[in-house]
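*Asks:* Take this sequence and fold it.
(one chain, ligands or ions: 10)
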Amino acid sequence: MVSMQKFLAACAVAGGLIWGGAAEAADAPASPSKVTQALTGDAVCTACHNESSPTPVLAIYQTKHGVKGDRRTPSCQSCHGESKEHLTNQKAPDVVFRKGAFASSESKVQSAACLSCHGKDVNRTRWDGGAHQVGDVACTSCHQVHRAHDKVRSKKTQAEVCFTCHKDQRRDSRKISHHPIGEGKVVCSDCHNPHGSAGPKLLAKNTVTETCFTCHAEKRGPFLWEHQPVTEDCTNCHTPHGSNITPLLKSRTPFLCSECHDGPHHSKDPAAGSVAGTQGGLTAIPSENYTGRACLNCHSMVHGSNHPAGALLHR
Ligand code: HEC
Ligand code: HEC
Ligand code: HEC
Ligand code: HEC
Ligand code: HEC
Ligand code: HEC
Ligand code: HEC
Ligand code: HEC
Ligand code: HEC
Ligand code: HEC
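*Replies:* Residues are numbered from 1 along each chain as shown. Ligands and ions are numbered 1, 2, ... in the order given. Here you go, the predicted structure:
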């Protein structure tokens, strides 16, 4: 990092050209037209914000935003605004993304600078009204554009960015059972579209199950015998971010099952057990079967069964 003094010295040289020196600037600021006449394109800014800048702004040329010869490539001013007042009066640029010498602009002003080019991209058509936009999160709360590597776009580092705001998910990701996020195999954005979505909770697909099926296709079926809570919503039993009950379960069996299947365990076959009571023509199986053993020992096909006789999800 270069010292601020050295940077300001470099500015003073360029400033002679642009700001016209501090004394002159106070009473007779150079006109913007004179500035643009002298320097064009990025040079208007890089005359000062060059390699001696205390912040590494030039790394932008190693990113897609620095591809020379592509018409669509932004200039400094496409994002920061024309910034006449900065060029002539040493005031803040029109759009400041990070608080430093100047206060940062409102998040909607920051995002508008990006949306002027990216607003029509398919992935961002639901930005307005999405949880992040509504929650006052700006594009640049996640993205870094003056770095060769944008942390939020790399599998290994994305979660770190999300965790700065989402502490619950960080805590969950450290539990015994979790999606391999820390391992770099799954990222938050496999399940979520942080830019907004048609589904609930910014999910990448319209529903929870559709989102899960993108990777766990075998759970989609179709099954001859479906289990209603599975086709409805995987989170009836699973928690996506982490659990101390493997595999990613909300609670242990039999409690997990008992949340919906309360009451006596019935059998049409009286020989199945002693008669603890009858209900709807069915005979209750002894309670030891019910509470003493894991439901899954018998009803192992909890996600659905394709066996002709698998109506009870036991084969
Ligand atoms: C004559 C020198 C000079 C020119 C030309 C210049 N700047 Fe600056 N700029 C500065 C100085 C000095 C600062 C305050 C020190 C700092 O934070 O880097 C600054 C600060 C900034 C900041 C805010 C940094 C922060 O942390 O708050 C941004 C953004 C910025 N300039 C963008 C631009 C853009 C875009 C242009 C071209 C339109 C431009 N500058 C042209 C000298 C200049
Ligand atoms: C003047 C137009 C313009 C503006 C303004 C603009 N971008 Fe871009 N951006 C582009 C272009 C062009 C690409 C390259 C697209 C491509 O290669 O398909 C791009 C690519 C990107 C990418 C993908 C980079 C990659 O490596 O694939 C991200 C992320 C991005 N922009 C974020 C932003 C953010 C955040 C802002 C606001 C701070 C912003 N952009 C402002 C034109 C712009
Ligand atoms: C909550 C964090 C977050 C916010 C806020 C955010 N992004 Fe992104 N962005 C991401 C992530 C994560 C990816 C990588 C997704 C992927 O590769 O599937 C991404 C990818 C991109 C890309 C490249 C891939 C694509 O989808 O085209 C562009 C361009 C982009 N973002 C622009 C923006 C713009 C513009 C805004 C503001 C309107 C914004 N982002 C706001 C997290 C964010
Ligand atoms: C695609 C939009 C975009 C373009 C193009 C762009 N900037 Fe930035 N600038 C940003 C964002 C966003 C930040 C906040 C830091 C970051 O994301 O890396 C920033 C930060 C800065 C800062 C403050 C340093 C800091 O990290 O806080 C300066 C100075 C600056 N830009 C100058 C420039 C100059 C000079 C150019 C042209 C060479 C330029 N910017 C081009 C979006 C842009
Ligand atoms: C395997 C898919 C999946 C992955 C990976 C994933 N999520 Fe989620 N996330 C979900 C589902 C499904 C929901 C909605 C149901 C719920 O809240 O349990 C959700 C909900 C959320 C919520 C809203 C919670 C609430 O209580 O309203 C936040 C915030 C969140 N996720 C952040 C993240 C972050 C950050 C990451 C990455 C560290 C991440 N998610 C990774 C599937 C996923
Ligand atoms: C700068 C802080 C910040 C960052 C970084 C951030 N978020 Fe958020 N996120 C929020 C806020 C604020 C909300 C609005 C709801 C709330 O208050 O929790 C939110 C909401 C969400 C929700 C819930 C949506 C809903 O409908 O309830 C999900 C999912 C989510 N974020 C995922 C992510 C992912 C994935 C990342 C990383 C790619 C990320 N967030 C990065 C601040 C952030
Ligand atoms: C991007 C792909 C992807 C998506 C989307 C996804 N998963 Fe996974 N899931 C994985 C991977 C990878 C593993 C780890 C498999 C392994 O270790 O063998 C896993 C493991 C699991 C496990 C077993 C965990 C354990 O501790 O053994 C459960 C349960 C699970 N996922 C449920 C879900 C649910 C529910 C959803 C939807 C909310 C979902 N998954 C969405 C990729 C995904
Ligand atoms: C009725 C509760 C319930 C629902 C709903 C449910 N699961 Fe499961 N899931 C379980 C149980 C219990 C296990 C552990 C099975 C075992 O240990 O044999 C499991 C295990 C898993 C596993 C890891 C072992 C394997 O079979 O691959 C994955 C992946 C999984 N479920 C994905 C899903 C997906 C995707 C959905 C939604 C389509 C879903 N589950 C809905 C109860 C459920
Ligand atoms: C969120 C509620 C819910 C949870 C949790 C749940 N189930 Fe179910 N289960 C249902 C519903 C609803 C049906 C369909 C009942 C019907 O068709 O009358 C069903 C059907 C069944 C059937 C087939 C019986 C029949 O009459 O068709 C079996 C066996 C079963 N569940 C076992 C389990 C087991 C074992 C667990 C725990 C791993 C479990 N269930 C967890 C709601 C749930
Ligand atoms: C020892 C094996 C066994 C265990 C353990 C077991 N079941 Fe069953 N279950 C059966 C048999 C056998 C039937 C079918 C009875 C019949 O209709 O003939 C059945 C029927 C059911 C049915 C169908 C509806 C009804 O009540 O008739 C549900 C729901 C069910 N079991 C849920 C559970 C749950 C929840 C658990 C754990 C708390 C569990 N079972 C534990 C063997 C078992």
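
*Asks:* Enumerate every residue touching residue 205.
*Replies:* Residue 205 is in contact with 197, 199, 211, 214, counting by C-beta atoms under 8 Å, 6 or more residues apart in numbering. The C-beta positions use only the backbone N, C-alpha and C, and glycine is treated the same way.

*Asks:* Buried only: go through those for me.
*Replies:* Using 16 or more other C-beta atoms under 10 Å as the burial test, these include 197, 199, 211 as buried.

*Asks:* Give me the pLDDT value at the last one.
*Replies:* Right, residue 211. pLDDT recorded at residue 211 is 98.

*Asks:* That one against residue 203, yeah?
*Replies:* Yes: with contact defined as C-beta atoms under 8 Å, residue 211 reaches residue 203; the gap is 4.9 Å.

*Asks:* Spit out the residues that contact those two alike.
*Replies:* In contact with both residue 211 and residue 203: residue 191, using C-beta under 8 Å, 6+ apart.

*Asks:* Would you mind giving both backbone torsions of the residue lying closest to residue 230 once chain neighbours are set aside?
*Replies:* Spatial nearest neighbour of residue 230, excluding adjacent residues (C-beta to C-beta, 6 or more residues apart in numbering): residue 303 at 5.2 Å. As for residue 303, its main-chain torsions (degrees, to the nearest 10) stand at phi -90, psi 0.

*Asks:* Tell me how far residue 303 lies from residue 312.
*Replies:* Distance, residue 303 to residue 312, by C-beta to C-beta, to the nearest Å: 14 Å.

*Asks:* who has more neighbours, those two?
*Replies:* residue 303 (19 against 11; other C-beta atoms under 10 Å).

*Asks:* My guess is the more buried one contacts residue 222. True?
*Replies:* No: the pair residue 303 / residue 222 is not scored as a contact, 11.9 Å apart, by C-beta under 8 Å.

*Asks:* Need the residues touching each of the two.
*Replies:* By C-beta under 8 Å, 6+ apart, no residue touches both residue 303 and residue 222.

*Asks:* okay, the contacts of residue 205 in CSV with secondary structure and distance to ligand 8 next?
*Replies:* Formatted as CSV, the contacts of residue 205 follow (DSSP: H, G, I helix; E, B strand; the rest coil; distance: C-beta to the nearest ligand atom, whole Å):
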residue, secondary structure, distance to ligand 8
197, coil, 19
199, coil, 15
211, helix, 9
214, coil, 10
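
*Asks:* Considering only those residues, which also neighbour ligand 5?
*Replies:* On the criterion C-beta under 6 Å from any ligand atom, none of the entries of the contacts of residue 205 sits beside ligand 5.

*Asks:* Of those residues, which is the nearest to ligand 5?
*Replies:* Closest approach between the contacts of residue 205 and ligand 5, by C-beta to the nearest ligand atom: residue 211, at 6.1 Å.

*Asks:* For the residue nearest to that closest one when sequence neighbours are not counted, report the pLDDT, please.
*Replies:* Distance criterion C-beta to C-beta, 6+ apart; nearest residue to residue 211, sequence neighbours excluded, is residue 205 at 4.3 Å. According to the prediction, residue 205 has pLDDT 97.
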